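*Asks:* How does the following fold in three dimensions:
(chains A and B)
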Amino acid sequence: MTFEEFVAARLGALLRYATALTFDPHHADDIVSEVLVRASTRWRRITRMDQPEAYVKRMIVNEFISARRRSAKVVPMSHEQLDSAAAAVDPHAGLPERDALMRQVSALPRRQRAVIALRYFEGHSFDEIAEILGVRPSTVRVHASQALARLRMDVTTVGENR
Amino acid sequence: MNDDVLRGLFTDVADQAHDPVALAPAILTRARVRRQRRGLLAAAGTTAVLGAATSAVWPRPRDGAPAPAIATPSSAVPSPSIPDPRVRMKYRPSWLPKGFVEVSRIAGPVSQTRSFRRGGPESLELIHLFLDAGPEPRGKRTTLGGRTAWLTRNPDDQTQVTLDVGDGRKLGIAVVDAQDRAEIARHVAAKIVEDGSAVAEISLGFGWYPERFSRGAPEVSIDGTRNSWTEVLRLKDGGRMLFEVELGADHPRPDGGERSTLRGRPAWVYEGGLADPSCPPSTPEQEITCGVSTAQTRVELGRGRILSLRQGAEDLAVDEMKRIVTELRLGPAPDTSWLPG
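*Replies:* Predicted coordinates for the structure are as follows:
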């Protein structure tokens, strides 16, 4: 498969993947564009791999985690900003529980968010996620555990406050 | 909250992704430009070192921006090398497929590369001739044009044919982005002749560089078009690029850096380093995903021309970069009549 054929066939899926990671379609565009342009320079080598798309997705998640792009400067978002961001991507923005969960997921540290996105959006096992992120499976489990604990706690808290 | 809720949430978020049809053309255009540029860089044998630099540092020749007339500055330090910036090219192809024109020459003390392209600046149809000292290559041994030749057995190899041209040197012929690469390479190889008249010529010359680089040897490179070209002067230690100076067309200035004045012109100096300390180390993706920025200096000469210096395999201090740039010798514009219009 040529690079052009790959882009034609898989760009949509890669943008969905990156949007699920970033919670920001514009940021997803930037990451996917940058990664694909880089991948194009070594496309012959990538296509010789068993799963070229998996490799490109690994580049995307590493690009997201590396945070060296415009989001390299971590600026804490206010609740109002998070509400606004959530509303921008959430068709169920009017649902308070959904809205709260969206806000909490988008506020997770990048590695934790990547782990649960790979787990729940992509359906990977913890071992597969560990391979994608280049860390030990136990580290992935810790990230997942911390993320889910945080989400359950926060959602519960929101629920209790209502 | 259960797992299905999380799955549904991520699916809803992913549904907000933008239309790929709108984004694909821009990606493909950027990829073509990047690959074409890297194709020429690979010919210089510097891809590995330069690949670490961010894309922003690569200039694109801009039509209608000829090199400015530059007075040769004086220097108190004698040039440590490059007695003659004109290096004669030793071999040329007496036959090429229709439409190919020469777009790049690279010449060092031992190795030389000539690149020919068919199509516009973004075309990937390239033929490279690599002259270098090297051991006998693997492959099927035969005779082409009266010379011993080796034909690769791996269709993915960069070089399809290698010729023994004597003096311990080999000439590799690489055909890029063509369906009949091996056949074209064999035809080109059979028609290789000695040159002796073509030269790789640039206007740059070192005036000073750190003594620890004295083992290095210069390599000159020029590519582009007749009216808009890029000249590079590299200092190499074998296959390693120690640093390089480039005179080329304008390109986006990287963020940050220390503003300065060099050669009486506006300049920026970047120390370089790892852009993101948290980037996962020692993974296969590191070279691609980690933002390693290269120490560099950029001087705006005016009329859209940029003089830049980039660190290579070894560190350069800021003061060293400034002195290299300040004492660099800039002569008259080279003969570019052989480049495409």
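*Asks:* Which pLDDT does the model give the spatially most central residue of chain A?
*Replies:* The residue lying closest to the centre of chain A (Cα atoms, centre = their mean) is residue A:21, at 1.5 Å. Predicted confidence (pLDDT) for residue A:21: 91.
*Asks:* Quick one: classify it as helix, strand or coil.
*Replies:* Secondary structure, DSSP: H, G, I helix; E, B strand; the rest coil: residue A:21 is helix.
*Asks:* Equivalent analysis for residue B:138, please.
*Replies:* Three-state assignment for residue B:138 (three-state DSSP): coil.
*Asks:* Report the contact partners of the closest residue to it other than its chain neighbours.
*Replies:* Among residues not flanking residue B:138 along the chain, residue B:150 sits closest, at 7.2 Å (Cβ to Cβ, 6 or more residues apart in numbering or on different chains). C-beta: built from backbone N, CA, C; applies to glycine. Applying Cβ atoms under 8 Å, 6 or more residues apart in numbering or on different chains, we find residue B:150 in contact with B:136-142, B:161-162.
*Asks:* Quick check: residue A:61 vs residue A:117, distance?
*Replies:* Remark: distance between residue A:61 and residue A:117 (Cβ to Cβ, to the nearest Å) = 8 Å.
*Asks:* who touches both of these two?
*Replies:* residue A:21.
*Asks:* Please enumerate the helices of chain A.
*Replies:* Using DSSP state H, the helices of chain A run over A:3-22, A:25-40, A:43-47, A:52-66, A:79-89, A:96-106, A:110-120, A:126-133, A:137-161.
*Asks:* Among those helices, show me which one is buried the most.
*Replies:* helix A:110-120 (a mean of 23; mean count of other Cβ atoms under 10 Å in any protein chain shown).
*Asks:* what's next to that helix, contact-wise?
*Replies:* Contacts of helix A:110-120 (Cβ under 8 Å, 6+ apart): A:20-21, A:61, A:64-65, A:67, A:105-106, A:108, A:124, A:126, A:128-129, A:132-133, A:140, A:143-144, A:146-148, A:150, B:3, B:6-7, B:9-10.
*Asks:* quick revisit: for the residue nearest to residue B:138, name its beta-bridge partners.
*Replies:* When bridges are taken as DSSP bridges, the partners of residue B:150 come out as residue B:141, residue B:162.
*Asks:* Against residue B:127, how distant is it?
*Replies:* Distance from residue B:150 to residue B:127, by Cβ to Cβ: 18 Å.
*Asks:* swap in residue B:196?
*Replies:* Using Cβ to Cβ, residue B:196 is found at 20 Å from residue B:127.
*Asks:* same check, this time on residue A:64
*Replies:* 39 Å.
*Asks:* Could you measure from the residue nearest to residue B:138 over to chain A?
*Replies:* According to Cβ to the nearest Cβ, to the nearest Å, residue B:150 and chain A sit 21 Å apart.
*Asks:* So what does residue B:16 look like in phi/psi?
*Replies:* The phi/psi pair for residue B:16 (degrees, to the nearest 10) reads phi -90, psi 0.
*Asks:* Wasn't residue B:233 part of a helix?
*Replies:* No. Counting by three-state DSSP, residue B:233 is not part of a helix but strand.
*Asks:* just checking, next helix/strand downstream of the least confident helix or strand in chain B by mean pLDDT?
*Replies:* Counting by mean pLDDT, DSSP states H and E, chain B has its least confident helix or strand at helix B:47-50, which shows a mean of 30. Where DSSP states H and E defines the elements, the next helix or strand beyond helix B:47-50 is strand B:86-88.
*Asks:* buried ones in that following strand?
*Replies:* Within strand B:86-88, the residues that qualify as buried are residue B:87, counting by 16 or more other Cβ atoms under 10 Å in any protein chain shown.
*Asks:* what's in contact with the next helix or strand after that strand?
*Replies:* Next helix or strand after strand B:86-88 toward the C-terminus (DSSP H and E): strand B:91-93. Applying Cβ under 8 Å, 6+ apart, the external contacts of strand B:91-93 come out as B:112, B:114, B:116, B:127, B:129, B:131, B:165, B:171, B:188, B:191-195, B:198.
*Asks:* For the buried ones among those residues, write the corresponding PyMOL selection.
*Replies:* Under the burial definition 16+ other Cβ under 10 Å, those of these that qualify are selected in PyMOL by:
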select buried, chain B and resi 112+114+116+127+129+131+165+171+188+192+195+198
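*Asks:* Just name the closest of the contacts of strand B:91-93 to chain A, please.
*Replies:* residue B:127 (17.3 Å; Cβ to the nearest Cβ).
*Asks:* Need the phi and psi values for that closest one.
*Replies:* With angles defined as degrees, to the nearest 10, residue B:127 sits at phi -130, psi 120.
*Asks:* wait, it sits on residue B:189?
*Replies:* No. Residue B:127 is beyond contact range of residue B:189, at 10.8 Å (criterion: Cβ atoms under 8 Å).
*Asks:* shared neighbours, these two?
*Replies:* Shared contacts of residue B:127 and residue B:189 (Cβ under 8 Å, 6+ apart): residue B:173.
*Asks:* Count residues in the vicinity of residue B:224, would you?
*Replies:* Neighbour count of residue B:224, defined by other Cβ atoms under 10 Å in any protein chain shown: 23.
*Asks:* And the one 5 residues further on, by the same measure?
*Replies:* By the other Cβ under 10 Å criterion, the neighbourhood of residue B:229 contains 23 residues.
*Asks:* Specify the local secondary structure of the nearest residue to it once chain neighbours are set aside.
*Replies:* Of all residues not flanking residue B:229 in the chain, residue B:336 sits nearest, at 5.4 Å (Cβ to Cβ, 6+ apart). Classification of residue B:336 using three-state DSSP returns coil.
*Asks:* any idea how far residue B:336 is from chain A?
*Replies:* Distance, residue B:336 to chain A, by Cβ to the nearest Cβ: 27 Å.
*Asks:* From residue B:328, how far off is that residue?
*Replies:* In this view, residue B:336 and residue B:328 are 20 Å apart by Cβ to Cβ.
*Asks:* Mind checking which of the two has more residues around it?
*Replies:* residue B:328 (24 against 20).
*Asks:* For the more buried one, give me its contacts.
*Replies:* Neighbour list for residue B:328: B:204-207, B:245, B:307 [criterion: Cβ under 8 Å, 6+ apart].
*Asks:* about what we covered before: can you list the helices of chain A in CSV and add distance to residue B:97?
*Replies:* Listed next are those as CSV, based on distance: least, Cβ to Cβ, whole Å:
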stretch, distance to residue B:97
helix A:3-22, 23
helix A:25-40, 24
helix A:43-47, 21
helix A:52-66, 30
helix A:79-89, 51
helix A:96-106, 55
helix A:110-120, 47
helix A:126-133, 43
helix A:137-161, 52
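*Asks:* circling back: contacts only, for the residue nearest to the centre of chain A.
*Replies:* Contacts of residue A:21 (Cβ under 8 Å, 6+ apart): A:28, A:31, A:60-61, A:64, A:113-114, A:117.
*Asks:* how about TSV for the residues you listed, with pLDDT and distance to residue B:177 added?
*Replies:* Listed next are these as TSV, based on pLDDT from 0 to 100; distance: Cβ to Cβ, whole Å:
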residue	pLDDT	distance to residue B:177
A:28	90	30
A:31	89	27
A:60	91	26
A:61	88	30
A:64	86	32
A:113	89	39
A:114	91	36
A:117	91	36
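*Asks:* Can I get these in JSON lines including distance to residue B:105?
*Replies:* Listed next are these as JSON lines, based on distance: Cβ to Cβ, whole Å:
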{"residue": "A:28", "distance to residue B:105": "42"}
{"residue": "A:31", "distance to residue B:105": "37"}
{"residue": "A:60", "distance to residue B:105": "38"}
{"residue": "A:61", "distance to residue B:105": "42"}
{"residue": "A:64", "distance to residue B:105": "41"}
{"residue": "A:113", "distance to residue B:105": "50"}
{"residue": "A:114", "distance to residue B:105": "46"}
{"residue": "A:117", "distance to residue B:105": "49"}
